[in-house]
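Participant: need a 3D model of the following:
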Amino acid sequence: MADPVKPFLELLIAAPRGFCAGVDRAIRIVELAIEKYGAPVYVRHEIVHNKYVVDSLKAKGAIFVEELDQVPDDVPVVFSAHGVPKAVPAKAEERGLEYLDATCPLVSKVHRQAERLVAAGRHILFIGHAGHPEVIGTFGQVPAGSMTLVETPADAEAVQVSDPANLAFLTQTTLSVDDTAATLAVLQRRFPDILAPGPNDICYATTNRQGAVKAIASSVDLVLIIGGRNSSNSLRLVEVAERQGTTAHLIQRAEDVDWDWFAGVGTVGVSAGASAPELLVRELVDKLSERFEVSEREVETVPENVTFKLPRGLEAA
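Facilitator: Numbers count the residues shown, from 1 in each chain. Alright, predicted model coming up:
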């Protein structure tokens with residue numbers, strides 16, 4: 001008996017999507033460290049927030065730990081792309097550990113801005129998510145009490161400062177562009193003298209991926225975002241799609257797809273967070289092709305060609 005005809009499904013695949021330059025660099029640092037030093041190489045915190053990437057690196061010889069205390073003596077350690085408080089490399093040096101810093105250069109830039117602003121006598125209002133490793137790392141660059149966390153426009157309305165004339169703001173790099181603008185608008189209304197080091201610190205990749213999802217979300221019936229459940233930038237992509245009035249789901253792998261989502265759906269938008277590899281997008285397309293006659297079209301909103309240099313000593317590893 002012949003197979004029934006598969007229903008048609010149009011896929012709009014957002015571009016840019018997936019790996020950014022900072023993630024690419026961080027993964028490469030771990031791989032090159034294993035090549036140079038041999039396994040195991042320890043990594044403090046998940047190098048990037050993606051289970052597939054972490055599991056792949058574990059298979060190559062990386063061991064992931066949450067604290068430096070869990071790293072034995074005489075083995076190299078890599079610090080994750082999210083950045084670490086200053087106390088962490090200081091403690092590594094104290095123990096004589098060889099370490100490689102895979103902090104994204106755009107996060108490092110925020111760290112340097114924080115140091116400069118505090119040295120200039122300003123108090124920083126930091127827009128970000130409590131408990132995120134990037135936020136913990138940035139707060140750890142300056143003395144305690146130098147920065148105050150502001151998560152929402154409501155926080156911005158409520159925050160109290162002792163010297164409104166000596167304020168600055170910084171932001172986590174993976175925030176929602178729209179949410180951050182709303183929070184910042186409140187701070188600028190309440191504190192007209194607040195110093196802006198630049199337009200904001202949301203990175204090019206976060207901004208571009210949100211713009212690409214926004215461009216397709218209103219044209220589709222459903223949006224699927226591939227990314228880790230603890231990935232800030234992936235969660236923001238889901239929110240961007242939902243704000244366009246479109247149902248959206250975050251999936252880690254193609255196997256997470258629920259076929260009930262596709263009732264009455266003819267067009268699906270697909271993107272991936274900055275820590276999700278392209279092969280997971282292809283895996284999803286293959287999975288959908290089992291059930292549907294798939295037609296796919298890439299929708300590119302902006303070209304991306306950013307790359308970051310590797311740390312000295314690893315380039316020729």
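Participant: so, low pLDDT: which residues of the protein?
Facilitator: 1-3, 199-200, 315-317 (pLDDT under 70).
Participant: find the centremost residue of it, please.
Facilitator: For the chain, Asn233 is the residue whose C-alpha lies nearest the centre (CA atoms, centre = their mean; 4.4 Å).
Participant: nearest residue to it in space, please, no chain neighbours.
Facilitator: Excluding its sequence neighbours, the residue lying closest to Asn233 (CB to CB, 6 or more residues apart in numbering) is Thr174, at 4.1 Å. From N, CA and C alone the C-beta is placed, and that goes for glycine too.
Participant: surely the one you found and Thr206 touch.
Facilitator: Yes - here Thr174 lies in contact with Thr206, judged by CB atoms under 8 Å, at a distance of 5.1 Å.
Participant: out of these two, which sits in the busier spot?
Facilitator: Remark: of Thr174 and Thr206, Thr174 carries more neighbours, 30 against 25, as counted by other CB atoms under 10 Å.
Participant: about what we covered before: list the contacts for the residue nearest to the centre of the chain?
Facilitator: Residues in contact with Asn233 (CB atoms under 8 Å, 6 or more residues apart in numbering) are Thr174, Ala205, Thr206, Arg209, Gly227, Gly273, Ala274, Ser275.
Participant: before we move on, what about Val5?
Facilitator: Glu293.
Participant: the one 4 residues further on now?
Facilitator: Listed by CB under 8 Å, 6+ apart, the contact partners of Leu9 are Phe262, Val265, Gly266, Thr267, Val268, Leu288, Arg291, Phe292, Glu293, Val294, Ser295.
Participant: and Leu100, by the same measure?
Facilitator: Counting by CB under 8 Å, 6+ apart, Leu100 makes contact with Ile29, Ala33, Pro76, Val77, Val78, Phe79, Pro311, Leu314.
Participant: now, which of the contacts of Leu9 lie within helices?
Facilitator: Among these, DSSP state H puts Leu288, Arg291 in helices.
Participant: show me how to select, in PyMOL, the buried members of the contacts of Leu9.
Facilitator: Here is the PyMOL command that picks out the buried ones among the contacts of Leu9, judged by 16 or more other CB atoms under 10 Å:
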select buried, resi 262+267+268+288+292+294
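Participant: re the thing from before, buried ones in the helix or strand containing the residue nearest to the centre of the chain?
Facilitator: Following DSSP states H and E, one finds Asn233 within helix 232-243. By 16+ other CB under 10 Å, the buried positions in helix 232-243 come out as Ser232, Asn233, Ser234, Leu235, Arg236, Leu237, Val238, Glu239, Val240, Ala241, Arg243.
Participant: could I get those as JSON lines with distance to Ala181?
Facilitator: Converted to JSON lines, the buried residues of helix 232-243 look like this (distance: CB to CB, whole Å):
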{"residue": "Ser232", "distance to Ala181": "17"}
{"residue": "Asn233", "distance to Ala181": "17"}
{"residue": "Ser234", "distance to Ala181": "20"}
{"residue": "Leu235", "distance to Ala181": "18"}
{"residue": "Arg236", "distance to Ala181": "13"}
{"residue": "Leu237", "distance to Ala181": "17"}
{"residue": "Val238", "distance to Ala181": "19"}
{"residue": "Glu239", "distance to Ala181": "14"}
{"residue": "Val240", "distance to Ala181": "13"}
{"residue": "Ala241", "distance to Ala181": "18"}
{"residue": "Arg243", "distance to Ala181": "13"}
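Participant: picking up where we left off before, between Thr174 and Thr206, which contacts overlap?
Facilitator: Here Thr174 and Thr206 have Asn233, Arg236, Ala274 as joint contacts, going by CB under 8 Å, 6+ apart.
Participant: if anything else comes up later, I'll come back, but that's it for now.
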